[in-house]
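Novice: quick one: sequence and predicted model below, then my questions.
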Amino acid sequence: MIDTQDSQTVIRRLAIVGSGLAGLTAARKLAAAGVDVTLFEKGRGPGGRMASKRLSKPADSSADIGAQYFTIRNPAFRQFLTDHAGTGCWGTWGGRFRYQGADNGWQSMRPAERYVGIPRMSAITRSLSSGLAVRAGVRIASLDRDGDDLWRLTDTEGRVYEGFDTVLLTPPPAQTIDLLKDSGLSMLANDFNLQISRMQACWTVMAYFPEGAGADFEALMPNSPLLNWAANNSSKPGRQDEGEWWVLHGDPDWSDANTEAAPDQVADQLLKEFHQYGDITAAPGTVNVHRWLYARPKARTGPGHLWFQGERIAIAGDWLDGGRVEGAFNSADGLVSRLASLGLVQGL
């Protein structure tokens, strides 16, 4: 049978900016279809908001500072993790989870299978990135086309990466919009729905309790204007901490209003809330603070992904599909399916 597909339209070389779950999902699926994929990651390694911070005291400790757990509603997501990450780097996190209702009464969170990376959340993205071409420590500053109408990427150090017929952008919306504008593609940036593209900040505090915090729960969500979440990171499977590391997440609105606050002040305020709402009397030892400028989408619905046929630029990320970890997979999976339906990807 004669193949009438125009070979010039098929995606052969793809650049992906960002190596969080959305970028890695697309990379895995497209690489399996024979596409030459390169990921560009501004950080030291893959992960995105499935990030973990290694902690020096006590030795070999770490804390999940981004997504605290994930659920699986889409069977395709479970199959993807099983096929591409294996089963040894993620598992179920059980325990006592509670939240405070509008009447300030405490209730147990509804039963659910909550999954985490083992021995840390970033183990999943590390496993997914194995065998892929990931250029870490590279921040892409602009895109432009060469004489052959192929995309050329330039990083903040002036280094150039050439020969890509398609580009997939997966950073948070504000960073994606800035990159498009810096590349003379304001018309694409202007297509963003402002409600969809709005993301809120999150202050994260990691507090170490050498003798344990003395809590009778593993995680709680209080009815607090400051503290959104507190969890015993050391209670997750595969952690072997001496003592307990607790992770506290600030309320999104409060974090937005206090993005320029001093980290010490943030830590003091969130720990005070934790002690109050968690009925904690123990004092922490080591305390670390991390600020996420773009943590969660304001809107809980979105188009799933964006595809600009004329420019051959795609955009994917959890913020386009509800903000959950699984939303990052759904966004990239939907994009790949769309590209296949358009005849731009073969072999799926």
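Specialist: Okay, I see it.

Novice: just the helices in this structure please.
Specialist: Along the chain, the stretches classed as helices by DSSP state H are 21-32, 75-84, 122-129, 173-182, 186-189, 194-197, 252-257, 263-278, 325-341.

Novice: where exactly do the strands run in the stretch 151-300 of the chain?
Specialist: In the stretch 151-300 of the chain, the segments counted as strands under DSSP state E, counting those that start in this stretch are 151-155, 160-164, 166-169, 199-209, 219-221, 227-232, 244-250, 287-297.

Novice: quick check: mean pLDDT of the shortest one?
Specialist: Translated: strand 219-221. Mean per-residue pLDDT for strand 219-221: 97.

Novice: I figured residue 166 hits residue 14, correct?
Specialist: Yes - at 4.9 Å, residue 166 counts as touching residue 14 under the criterion of C-beta atoms under 8 Å. For glycine as for every other residue, the C-beta is placed from the backbone atoms N, C-alpha and C.

Novice: low-confidence ranges, the stretch 101-250 of the chain, go.
Specialist: The model of the stretch 101-250 of the chain has pLDDT under 70 over residues 192-197.

Novice: and the residue lying closest to residue 259 once chain neighbours are set aside, what is it in contact with?
Specialist: Excluding the flanking residues, the one nearest residue 259 by C-beta to C-beta, 6 or more residues apart in numbering is residue 201, at 5.1 Å. Residue 201 makes contact with 252, 255, 256, 259, 291, 292, 293, 294, 295, according to C-beta atoms under 8 Å, 6 or more residues apart in numbering.

Novice: residues near the third one, how many?
Specialist: I take that to be residue 256. Neighbours of residue 256 under the rule other C-beta atoms under 10 Å: 18.

Novice: likewise the first one?
Specialist: Counted with other C-beta under 10 Å, the burial measure for residue 252 works out to 17 neighbours.

Novice: hmm, it is touching residue 200, no?
Specialist: Yes - with contacts counted by C-beta under 8 Å, residue 252 reaches residue 200, the gap being 3.9 Å.

Novice: distance of the residue nearest the centre of the chain from residue 182?
Specialist: Nearest to the mean C-alpha position of the chain, counting by C-alpha atoms, centre = their mean, stands residue 49 at 3.0 Å. Distance of residue 49 to residue 182, given as C-beta to C-beta, to the nearest Å: 23 Å.

Novice: same question, residue 242
Specialist: As judged by C-beta to C-beta, residue 242 and residue 182 stand 47 Å apart.

Novice: compare these two (neighbour count), which wins?
Specialist: Counted by other C-beta under 10 Å, residue 242 and residue 182 do not tie: residue 182 has more neighbours, with 15 against 12.

Novice: surely that one is in contact with residue 139?
Specialist: No - assessed by C-beta under 8 Å, residue 182 is found out of contact with residue 139, at 11.7 Å.

Novice: residue 161 touches residue 151, doesn't it?
Specialist: No - using C-beta under 8 Å, residue 161 makes no contact with residue 151, being 9.0 Å away.

Novice: tell me, what's touching those two both at once?
Specialist: Between them, residue 161 and residue 151 share the contacting residues residue 15, judged by C-beta under 8 Å, 6+ apart.

Novice: show me which of these two is the more surrounded one.
Specialist: Taking neighbours as other C-beta under 10 Å, residue 161 and residue 151 compare with residue 151 leading, 22 against 16.
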